[in-house]
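# What would the 3D arrangement of this be:
(one chain, ligands or ions: 1)
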Amino acid sequence: MDAKTTIIADAEVTARVEALIERMSLAEKIGQLTQIGGADWVRGPKPEEIIRKGGAGSVLWLNDTQKFNALQKIAVEESPSKIPLLFALDVIHGYRTIFPVPLAMAASWDPVVVEQAQAVAAREARAAGLHWTFGPMLDIARDARWGRIVEGAGEDPCLGAAMAAAQVRGFQGEYLGAPDRVIACAKHFAGYGASDGGRDYDPVYLPEGQLRNVYFPPFEAAVKAGVGTFMSAYMDLNDVPATGNRWLLRDILRDEWGFQGFVVSDAFAVASLVTQGFARDGRDAAGRALRAGVDMDMASSTYLEHLAGLVEDGTLKMAEIDAAVRRILAIKVRLGLFEQPYTDEAKLAQVLAQPEHRQAARRAAQRSMVLLRNEGQLLPLAKNFRHVAVIGPLADSKEATEGSWMVFGHTPAAVTVLDGIRAKLPDAQVEYAPGPEIQRDIPSFFDTMNPNFKAVTQPPDAAEAAFQTAIATARRAEVIVMVLGENANMAGEAASRASLDLPGRQEELLRAVMALGKPVVLVLLNGRPLSINWAAENVPAIIEAWEPGTEGGHAVADILFGDANPGGKLPVAFPRQGSHAPLYYARNLTHSPEGSQMYNPRYWDGLPAPLYPFGFGLSYTTFSITDLKVSAAQVKVGDSVTVTASVTNTGSVAGDEVVQLYIHQRFGSDSRPMRELKGFERLTLNPGESRTVTFELGPEQLKYWSTNAGEWVQDATVIDLWVGSDSLATLHADLVVVR
Ligand code: GLC
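Numbers count the residues shown, from 1 in each chain. Model prediction:
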């Protein structure tokens, strides 16, 4: 079966949808508004039974091509409406070839590599029979305690918007329904990353200015990129649950942004409107969620149980049901599901065999890694070491390497850091010792649902023995690679934590290994910033490898031994301790700014300056950024200038620099952040090579939602601007903006 290769014209989509609506009963329409779980752990009637009755239009939490086709056959041949199903899954950083987690891919500051990654994920997922992914996750996160920071693009709206558009393009291709692509889903709308205390699911309180200037831009970028669906978030936003929030889902998303796709709730979130004290009962929840703008109920069956009654008693109009159904049917028509409802079961094997998928994953992992320290240029390591020790509980962990949100299990093909180093040095003796195991203090409810999950049960004496074995192993080696960080279940959903320290006895082990006086490299595998304060002062070389995916071990070895030069930059600041969060660079100045006479340390028990700032990352070479120029010293509100700077590779090897443009508005309708990222470009330069980077600065970059004025404004003001290699950039110019 050849993939559908032609876009279906809007007029034809509309005509076909209207024809379908015409002949559907109310029950059939409500079935289309219902998504059911296909996993074994889902309680209640079997999917086959629900589908046969026309009680579902989509299935999630199923990853089985044969079963997709079996359920599709029931929908297409036996259900009352004969309308095909949408199959959906959380493919957020790869389907079978796993890419670095989204936070890592954001650290590449390379939209092209991110688009390529999601295109591979889409190709594999579609070949498996999936039509729709619950990604990209677009929640701005400024609190590293929040476990889901791993799924997004970090703390900044400019970087986040660029990553949002790149992921939508990657997942969906040129148009909705494109062959070998899937429908994307911008989630979780909106503000979820600002949960109180970084505690997952906790309420969020954000003023409209913060929502519009910081948390909305990635979502609006996704709409502009043509995203097919949105997902409403779980939590209360300013006391109104996002899933019952008409302002969010209709006034902003549809009326202001013109979003044409459909909105699905998060899992059970419609039913949870009762739990959250918003809806009286399931009936109230169903009516208010649909009215607020949630078209499809994920997994709670609240729509299935209550919408018919609400129409029959006049609470809801049939037109309101039809509007939601139209949006869902339009996506099914555009996907070509009516012509080709089934998946060729042999196709996935062919797609997975393509070597370029693994190559793309390896390259994405290389480009996402951030060099945090390289004292004495210990890195890159020579390849003639004869005896290397690889130490740490994550060094040979496929789970930690592929990272969180592996809904249906890690792939046996994952290359661990130990595998990668052994492959890189086939003739050397590469010894491995895990040291004491690590685990969450409180297990995750996802672990209890994961058949592959193995709880850690290492007794203290065994842990101590493992500790001593690791030291002895290190003592025998010429160089030691420590692989420390977090397990895959320590970040992600329901994985918030109060501390950002290395879990367990990892730091103790690191200190003991450092005391041996041998060269040590620290490789971090983690899904959030970590407060590695001691390591930052005492370990000469530190690489942030995040959760690098199936090819992660090869990519780490490429970086360690110089076959790739790290060029990633932090998409989020690293706090010195969890209690400093939320911590972000784009803060407003105060009456006692740092560096002023009035300055007063914000805590008397330790300065909250980040361990590593937003945008930070080193290289095996060095760069100079000079010659900052603005095309005019003064510009009218509404007009633009170009900002240029020259970047030179002043070192001895080729490498990448991410040149960043930051601004600060000195005065205006509102106080504005002391710095805001407004442009970036990652470029590769050979030794001695120079390049000019150019940024546009105009109303698009300078306007903001003014709390004071209650509208979008661009002020007449003076703008400070900096261009540099991180958010502490010093190369400065200013620009006068006049009416
Ligand atoms: C989860 C998550 C959401 C995911 C959905 C379906 O609870 O909040 O991100 O897409 O359920 O798995």
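# Just the CA atoms of the helix or strand hosting A474, as PDB, please.
Following DSSP states H and E, the helix or strand that holds A474 is helix 460-475. Written as PDB, here are the backbone C-alpha positions of helix 460-475 (Å, rounded to 0.1, in the frame of the first residue of the first chain):
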ATOM      1  CA  PRO A 460      23.800  -1.700  53.000                       C
ATOM      2  CA  ASP A 461      26.600  -4.300  53.200                       C
ATOM      3  CA  ALA A 462      26.300  -5.100  49.500                       C
ATOM      4  CA  ALA A 463      26.300  -1.400  48.700                       C
ATOM      5  CA  GLU A 464      29.400  -1.000  50.800                       C
ATOM      6  CA  ALA A 465      31.100  -3.900  49.100                       C
ATOM      7  CA  ALA A 466      30.100  -2.400  45.700                       C
ATOM      8  CA  PHE A 467      31.600   0.900  46.800                       C
ATOM      9  CA  GLN A 468      34.900  -0.700  47.700                       C
ATOM     10  CA  THR A 469      35.000  -2.700  44.500                       C
ATOM     11  CA  ALA A 470      34.600   0.500  42.500                       C
ATOM     12  CA  ILE A 471      37.500   2.100  44.300                       C
ATOM     13  CA  ALA A 472      39.700  -0.900  43.800                       C
ATOM     14  CA  THR A 473      38.700  -0.900  40.100                       C
ATOM     15  CA  ALA A 474      39.600   2.800  39.800                       C
ATOM     16  CA  ARG A 475      42.900   2.300  41.500                       C
END
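# Measure how the helix or strand immediately after it in the chain sits relative to helix 460-475, angle-wise.
Sequence-wise, the next helix or strand downstream of helix 460-475 (DSSP H and E) is strand 479-485. If you take axes from the mean of the first three to the mean of the last three CA atoms, to 10 degrees, strand 479-485 sits at 140 degrees to helix 460-475.
# Next secondary structure element downstream of strand 479-485?
Criterion used, DSSP H and E; the element after strand 479-485 is helix 506-514.
# quick one on the thing from earlier: mind listing what's buried along the helix holding A474?
A463, A466, F467, A470, I471, T473, A474 (16 or more other CB atoms under 10 Å). C-beta here means a position set from N, CA and C on the backbone, and glycine is covered the same way.
# separation between the second one and the ligand?
Which is A466. 35 Å (CB to the nearest ligand atom, to the nearest Å).
# For that residue, give me the pLDDT.
Note for A466: predicted pLDDT of 98.
# Got the domain ranges for the protein?
Following automatic domain parsing, the chain resolves into domains at 10-347, 356-580, 623-738.
# Mind checking those domains for the one nearest to Y612?
Of all the domains of the chain, domain 356-580 sits nearest to Y612, with 4.3 Å by CB to CB.
# tell me what the helix or strand containing R691 is packed against?
Assessed by DSSP H and E, R691 sits inside strand 690-697. Here strand 690-697 touches strand 641-649, strand 655-665, strand 676-685, strand 717-724, going by 3 or more CB pairs under 8 Å, 6 or more residues apart in numbering; DSSP states H and E.
# Most widely separated two among the buried residues of helix 460-475?
Pairwise distances across these (CB to CB) peak at 16.7 Å, for the pair A463 and A474.
# If you tally nearby residues, what's the number for Q597?
Residues within reach of Q597, counting by other CB atoms under 10 Å, total 6.
# and it, what helix or strand is that in?
Using DSSP H and E, Q597 is not contained in any helix or strand.
# State the pLDDT value of it.
pLDDT, Q597: 88.
# Give me the distance between it and L372.
33 Å (CB to CB, to the nearest Å).
# Just give me the neighbour total for V483.
V483: 31 neighbours (other CB under 10 Å).
# Identify the residues contacting it.
Listed by CB atoms under 8 Å, 6 or more residues apart in numbering, the contact partners of V483 are V390, I391, G392, L394, A395, V417, L418, V523, L525.
# from those residues, which single one is nearest the ligand?
Closest to the ligand out of the contacts of V483 is L525 (22.2 Å), distances taken as CB to the nearest ligand atom.
# Go ahead and flag the most central residue of this protein.
Residue closest to the mean C-alpha point of the chain, counted by CA atoms, centre = their mean, is G152 at 2.4 Å.
# and the one residue in the stretch 51-200 of the chain that gets nearest to the ligand, what does it touch?
Nearest residue of the stretch 51-200 of the chain to the ligand (CB to the nearest ligand atom) works out as F134 at 3.3 Å. Taking CB under 8 Å, 6+ apart, we find F134 in contact with L60, A88, L89, D90, V91, I92, C185, K187, M231.
# on that earlier part again, nearest approach to V333 belongs to which of the helices and strands packed on strand 690-697?
Taking CB to CB, strand 676-685 is the member of the helices and strands packed on strand 690-697 nearest to V333, at 38.6 Å.
# in the closest one, what counts as buried?
E676, L677, K678, G679, F680, E681, R682, L683, L685.
# looking at it, the fourth one is touching E700, isn't it?
What that stands for is G679. No - when contacts are counted by CB atoms under 8 Å, G679 is not listed as touching E700 (10.6 Å).
# the bottom helix or strand of this protein by mean pLDDT?
Ranking every helix and strand in the chain by mean pLDDT, DSSP states H and E puts helix 445-449 at the bottom, with a mean of 82.
# what sits up against it?
Contact with helix 445-449 is made by W41, F453, A455, N489, G492, E493, A494, as judged by CB under 8 Å, 6+ apart.
# circling back to that earlier point, could the buried residues of helix 460-475 go into JSON lines alongside distance to E547?
Converted to JSON lines, these look like this (distance: CB to CB, whole Å):
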{"residue": "A463", "distance to E547": "24"}
{"residue": "A466", "distance to E547": "23"}
{"residue": "F467", "distance to E547": "25"}
{"residue": "A470", "distance to E547": "22"}
{"residue": "I471", "distance to E547": "27"}
{"residue": "T473", "distance to E547": "25"}
{"residue": "A474", "distance to E547": "25"}
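# just curious, which of the residues you listed is nearest to the ligand?
Of all the buried residues of helix 460-475, the ligand sits closest to A463, with 33.1 Å by CB to the nearest ligand atom.
# sorry, back to before: could you point out which of the domains of the chain sits nearest L607?
Evaluated over the domains of the chain, closeness to L607 peaks at domain 356-580, with 7.8 Å, by CB to CB.
# now do the same end-to-end measure for that closest one.
Start-to-end span of domain 356-580 (CA to CA, to the nearest Å) is 42 Å.
# per-residue confidence at N600?
In this model, N600 is scored at 86, pLDDT.
# my bad, should have said I21
98.
# that's a helix at it, yeah?
Yes - the assignment for I21 is a helix, going by DSSP: H, G, I helix; E, B strand; the rest coil.
# Look up how far A56 lies from the spatially closest residue to it that is not a sequence neighbour.
Distances taken as CB to CB, 6 or more residues apart in numbering put D322 closest to I21, at 5.7 Å, once the chain neighbours are dropped. Distance of D322 to A56, given as CB to CB: 18 Å.
# Tell me which of these two has more neighbours.
Taking other CB under 10 Å, D322 and A56 do not tie; A56 has more neighbours (25 against 17).
# residue contacts, the more buried one?
A56 neighbours (CB under 8 Å, 6+ apart): G31, T34, Q35, I36, P47, I50, L85, L304.
# Quick one, which of those are buried?
G31, T34, Q35, I36, P47, I50, L85, L304.
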